[in-house]
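**Q** I would like the atomic coordinates for the input below:
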Amino acid sequence: MKLYHGSNVAVKQPKIIVSDRRLDFGTGFYLTTSYQQAERWAELTTARRKKGEETITVFDFDEENAEKLNILRFEKPDKNWLRYAANNRNNENAEDNYDIVIGPVANDRTAPVIAAYFAGIYDEDETIKRLLPQKLRDQYAFKTNAALEYLIFCEVIKK
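**A** Next up, the predicted model:
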């Protein structure tokens, strides 16, 4: 399967870089099956860093051969996904032992719902109810060097 990484630079040899940014699935190298989502990530990253140019790096990932890895998969935004993402954004899942985490990604349209959940305005049930109708894209967080071995670089696309 093709996976896309959006950034302000080409990333032909991905690495796990610890960041102070608190992301849904914690520290890792993030990709998506959605070219449009990768474009958005490239746009946001380039704007945030104020250098480079919008770039999408394409990888091939043979998920079937990655069966020996410890993979956590969330099929939809449910309470377990919400708790896991909330814990990571609060820096509380720093020591999990997953090689790859796959699941929905909160986007610009979902940000207000997630913010209301973090502020205690919505409980888990209300948050999930508001997220389910939205067409959330996916994200793949490759969290270990062992997982990165299953990515094969394909090409770089400059926007």
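
**Q** for residue 104, which non-adjacent residue is closest in space?
**A** residue 136 (3.9 Å; CB to CB, 6 or more residues apart in numbering). C-betas here are computed from N, CA, C, even on glycine.

**Q** my error: substitute residue 106 in the last question.
**A** Counting by CB to CB, 6+ apart, residue 114 is the residue found nearest to residue 106 once chain neighbours are left out, at 5.1 Å.

**Q** wait, doesn't the one you found sit right on residue 105?
**A** No: if you go by CB atoms under 8 Å, residue 114 and residue 105 don't touch, sitting 10.8 Å apart.

**Q** one step back: which ones are touching the residue nearest to residue 104?
**A** By CB atoms under 8 Å, 6 or more residues apart in numbering, the contact set of residue 136 is 77, 104-107, 110.

**Q** ramachandran angles for the closest residue in space to residue 51 that isn't next to it in sequence?
**A** Distance criterion CB to CB, 6+ apart; nearest residue to residue 51, sequence neighbours excluded, is residue 8 at 6.4 Å. Here is the backbone geometry of residue 8 (degrees, to the nearest 10): phi -100, psi 0.

**Q** residue 8: neighbouring residues, count only.
**A** 19 (other CB atoms under 10 Å).

**Q** for residue 73, same thing?
**A** 13.

**Q** which SSE is immediately downstream of the helix or strand bottoming out on mean pLDDT in the chain?
**A** Within the chain, no helix or strand scores below helix 111-118, which has a mean of 86 by mean pLDDT, DSSP states H and E. Scanning forward in sequence from helix 111-118 by DSSP states H and E, the next helix or strand is helix 124-131.

**Q** name the helices or strands packed onto that following helix?
**A** If you count contacts as 3 or more CB pairs under 8 Å, 6 or more residues apart in numbering; DSSP states H and E, helix 124-131 packs onto helix 79-89, helix 111-118.

**Q** and the next element down the chain from it?
**A** With secondary structure assigned by DSSP H and E, helix 124-131 is succeeded by strand 138-142.

**Q** that next one pairs with which strands, parallel or anti?
**A** With DSSP bridges as the test, strand 138-142 is paired with strand 29-31 (antiparallel), strand 100-104 (antiparallel).

**Q** name the surrounding residues that touch that strand.
**A** For strand 138-142, contacts defined as CB under 8 Å, 6+ apart pick out 3, 14, 16, 23-26, 28-34, 37, 61, 99-105, 148, 151.

**Q** many thanks, we can stop here.
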